[in-house]
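1. Whatever this is, show me its structure:
(one chain, ligands or ions: 1)
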Amino acid sequence: MRIVVLAGGIGGARFLTGVRAHAREVGAEVTAVVNVGDDIRLHGLQICPDLDSVMYTLGGGADPERGWGRVGETWTVKEELAAYGAEPTWFGLGDRDLATHLVRTTMLNAGYPLSAVTEALCARWQPGVRLLPATDDRLETHVVVERDGEQQAIHFQEWWIRHRAQVPTRRFVFVGAESAKPAAGVLDALSVADVVLVAPSNPVVSIAPILAVPGIREALAGGRAPVVGVSPIIGTSPVRGMADRCLEVLDVECSAEGVGGLYGARSGGGILDGWLVDPVDAHTRVPDVTVRPAPLWMTDEAATVAMVRAALELA
Ligand code: FO1
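-> Purely as a prediction, here's the structure:
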């Protein structure tokens, strides 16, 4: 069995631990297509937060408290940069994490595509699933905000970390998406997939940038594999993160029904055949999508595996 998972950062990484555990039991192959919209170039280094969150989490090197970055991290370089007044001071790069960005940037500068660089980094971390960036091309999520009566576009990380999403916000723009191509391996993985799972990641800034790469949405729509999404919202709150704030910008209700409707039915030009919701949201209706309840709190690996099994049964 071949499983493809569309995933963002921390929620996607946790979900993938369950997918990997289930795949090991049944002998399935897993490919994760990961968001790159959060990527940012700082201090001359290319930082890929979502790819790294997935790689570190599956490779046993993530900080479980923070969710991002490395466990046992130290911050000497960050302190030294701050002593120079080097901006941005709101973005923290740990010493251990920096090694990843140095290797990645050196390889990118030498001409390797991000997919090949990711494969090389994964040779160390052995995540047990194939990690593919959605695209090898530049794609960055920018956020149009209101400042001093004017509209300005800022990088997603500045909006997310520096402003904690608490600034008047107009819209999200996936810069470079129109001319981006799916990364090497993405369309092949989708064409041979038996099932596609949409992780309980932020629908607006993690999954939407993946779907914005021309060819990926079409491959889902026209593919033979059923597509099952897992709701990132339980009741009226995101499982983690600030999806509520992102949905508000789009004027979409923060609920399993709101996000299910945003993705839409595959038969109607959307992406979903099935939508897994928490039992508290069992009343959810999404036109032409089969909705099924299952506990969605990823409290530990066993709970996450149970969730993955429910998604695969629905598929
Ligand atoms: N999140 C923060 O809240 N503060 C940070 O300083 C920060 C630095 C950082 C560095 C590398 C990395 O891979 C992730 C980092 N994150 C940080 C997390 C990241 O901003 C977001 O949580 C994701 O982009 C959303 O998926």
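2. Can I take it that Gly229 is in a strand?
-> Yes. The assignment for Gly229 (DSSP: H, G, I helix; E, B strand; the rest coil) places it in a strand.
3. Tell me how far it lies from the ligand.
-> For Gly229, the distance to the ligand (C-beta to the nearest ligand atom, to the nearest Å) stands at 18 Å. In this view, the C-beta of every residue, glycine as well, is placed from N, C-alpha and C.
4. What residues does that residue make contact with?
-> Leu197, Val198, Val259, Gly260, Tyr263, Ile271, Leu272, Gly274, Trp275, Leu276 (C-beta atoms under 8 Å, 6 or more residues apart in numbering).
5. Helices of the stretch 101-250 of the chain, residue ranges please.
-> Applying DSSP state H, counting those that start in this stretch to the stretch 101-250 of the chain gives helices spanning 114-125, 156-157, 186-192, 208-211, 216-222, 243-249.
6. Tell me which of those lies nearest to Glu313.
-> helix 216-222 (20.0 Å; C-beta to C-beta).
7. burial of the closest residue to the ligand within the stretch 1-150 of the chain, as a residue count?
-> Closest residue of the stretch 1-150 of the chain to the ligand, C-beta to the nearest ligand atom: Gly9 (2.8 Å). Using other C-beta atoms under 10 Å, Gly9 has 27 other residues around it.
8. per-residue pLDDT, it?
-> The model reports Gly9 with a pLDDT of 85.
9. Could you report the separation of it from Met55?
-> With distances taken as C-beta to C-beta, to the nearest Å, Gly9 is found 11 Å from Met55.
10. can you check Asp148 too?
-> Distance from Asp148 to Met55, by C-beta to C-beta: 39 Å.
11. picking up where we left off before, surely the residue of the stretch 1-150 of the chain closest to the ligand and Asp50 touch.
-> Yes. The pair Gly9 / Asp50 is scored as a contact, 4.2 Å apart, by C-beta atoms under 8 Å.
12. any common contacting residues for the two?
-> Asn35, Asp38, Ser206.
13. Surely the second one touches Gln157?
-> Put plainly, it is Asp38. Yes. Counting by C-beta under 8 Å, Asp38 touches Gln157, with 6.6 Å between them.
14. where do the contact lists of the two overlap?
-> Pro49.
15. The two: which is more packed in?
-> Asp38 (25 against 20).
16. Quick check: Leu139 touching Val173?
-> No. Applying C-beta under 8 Å, one finds Leu139 not in contact with Val173, separated by 10.7 Å.
17. of those two, who's got more company?
-> Taking neighbours as other C-beta under 10 Å, Leu139 and Val173 compare with Leu139 leading, 23 against 16.
18. Quick check: that one vs Gly176, distance?
-> 5 Å.
19. do the same with Trp68
-> With distances taken as C-beta to C-beta, Trp68 is found 23 Å from Gly176.
20. Contact partners for the residue nearest to Gly229 when sequence neighbours are not counted?
-> Computed as C-beta to C-beta, 6 or more residues apart in numbering, the closest residue to Gly229 that is not its neighbour in sequence is Val198, at 3.7 Å. By C-beta under 8 Å, 6+ apart, the contact set of Val198 is Val5, Leu6, Ile207, Val227, Val228, Gly229, Val230, Tyr263, Ile271, Leu272.
21. which residue sits closest to the residue in the stretch 101-250 of the chain that the ligand sits nearest to, ignoring its sequence neighbours?
-> Across the stretch 101-250 of the chain, no residue is closer to the ligand than Ile161, which sits at 4.4 Å (C-beta to the nearest ligand atom). Nearest residue to Ile161, sequence neighbours excluded (C-beta to C-beta, 6+ apart): Trp90, at 5.5 Å.
22. and the one you found, how many neighbours?
-> Neighbours of Trp90 under the rule other C-beta under 10 Å: 11.
23. what sits against it?
-> Glu158, Ile161, Arg162.
24. let's see 10 Å
-> Gln157, Glu158, Trp160, Ile161, Arg162, His163 (C-beta atoms under 10 Å, 6 or more residues apart in numbering).
25. out of these, which are buried?
-> Gln157, Glu158, Trp160 (16 or more other C-beta atoms under 10 Å).
26. Put together CSV for those residues, with distance to Thr299 on each row.
-> Listed next are the buried ones among the contacts of Trp90 as CSV, based on distance: C-beta to C-beta, whole Å:
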residue, distance to Thr299
Gln157, 28
Glu158, 32
Trp160, 25
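27. Now tabulate those residues in CSV and tack on pLDDT.
-> Shown next, in CSV, are the buried ones among the contacts of Trp90 (pLDDT from 0 to 100):
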residue, pLDDT
Gln157, 98
Glu158, 97
Trp160, 95
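28. Would you mind listing what in the chain touches the ligand?
-> The chain comes close to the ligand at residues 8-10, 38, 47, 49-50, 52, 68-69, 91-93, 97, 157, 160-161, as judged by C-beta under 6 Å from any ligand atom.
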